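A.B. asks: what's the 3D shape of this:
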Amino acid sequence: MWPRRLLRIMTQPMDPVGAAGQPAPRRGRLRRFLTAALASLWRCLPAVLVTLLLGVAAGFLWAAVAPRPHLVMTGPGAAQVTSAESSAFIGGDGWYCLICLAGGIISGVIGYLLAVRGHHPVGMALVLLSGLGAGLITLWIGQHSGQAGYHHLLSTLPAGRHLSASLSLGARSALALWPLAAGIMAGALELNDTLRDRKRTAQDGQALALD
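C.D. replies: As a prediction, this is how the structure comes out:
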């Protein structure tokens, strides 16, 4: 169900003649459309802010729970992985995927309640864009958390000492998980409401026909 105001503005035929017999300005209808779109953007802003805050929390969570590869110092400022087949690389990506999927589901529900349900096209677009932003925030915080300490150890530890590497994401395609999960969740809730409304309308129509 699209907002009636936006549909009315977009589908209203253009009147070539104004009230005073002059050509009607084309800018009026465009201005009304932009005003309605900006109003929808403003009302959807809380959903965007909540999603971005979820991204901040997800970044710190990823930094706290994700495993890090173990390194051994080979010289001043140089280190290498102790095991080339370390599962920490896969584990770090796996935790990122799980956290982003969970965050996407939560932000999809919040986005539906605060944005999609009242401002369908604009709300869904913002759910997807804010989900992508949340995934990027999660990546940035996770990769930069503890990085200063890592570089300090890397520059001061002698050869043979062990340390943990900084966190990094190997599969960049995982960035799509948050907006994908959010879009599917919000879309599923919207579809459920649409089907429920159609069923209720059909039942009301049958009741009126019986009367």
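A.B. asks: would you mark the buried spots in stretch 165-180?
C.D. replies: 165-167, 169, 174-175, 177-180 (16 or more other Cβ atoms under 10 Å). Any C-beta I mention is one placed from the backbone N, CA and C, and that applies to glycine too.
A.B. asks: pull the residues that contact it.
C.D. replies: 55, 62-63, 66, 68-71, 79, 81, 88-89, 92-93, 96-97, 100-101, 103-104, 107, 127-129, 131-132, 134-136, 138-139, 142-143, 145-147, 150 (Cβ atoms under 8 Å, 6 or more residues apart in numbering).
A.B. asks: this protein: strands as residue ranges?
C.D. replies: Ranges of strands in the chain, per DSSP state E, are 70-75, 78-81, 162-164.
A.B. asks: quick one: closest of these to A209.
C.D. replies: Proximity to A209 (Cβ to Cβ) singles out strand 162-164 among these, at 71.2 Å.
A.B. asks: note down every partner strand of the closest one and its orientation.
C.D. replies: Strands that pair with strand 162-164, judged by DSSP bridges, come out as strand 70-75 (antiparallel).
A.B. asks: would you mind writing the CA trace of the partner strand as PDB?
C.D. replies: Listed next in PDB are the C-alpha coordinates belonging to strand 70-75 (Å, rounded to 0.1, in the frame of the first residue of the first chain):
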ATOM      1  CA  HIS A  70      48.100 -15.600  16.500                       C
ATOM      2  CA  LEU A  71      51.300 -14.000  15.200                       C
ATOM      3  CA  VAL A  72      55.000 -14.600  16.100                       C
ATOM      4  CA  MET A  73      57.500 -11.800  15.800                       C
ATOM      5  CA  THR A  74      60.200 -12.400  13.200                       C
ATOM      6  CA  GLY A  75      62.000  -9.100  13.600                       C
END
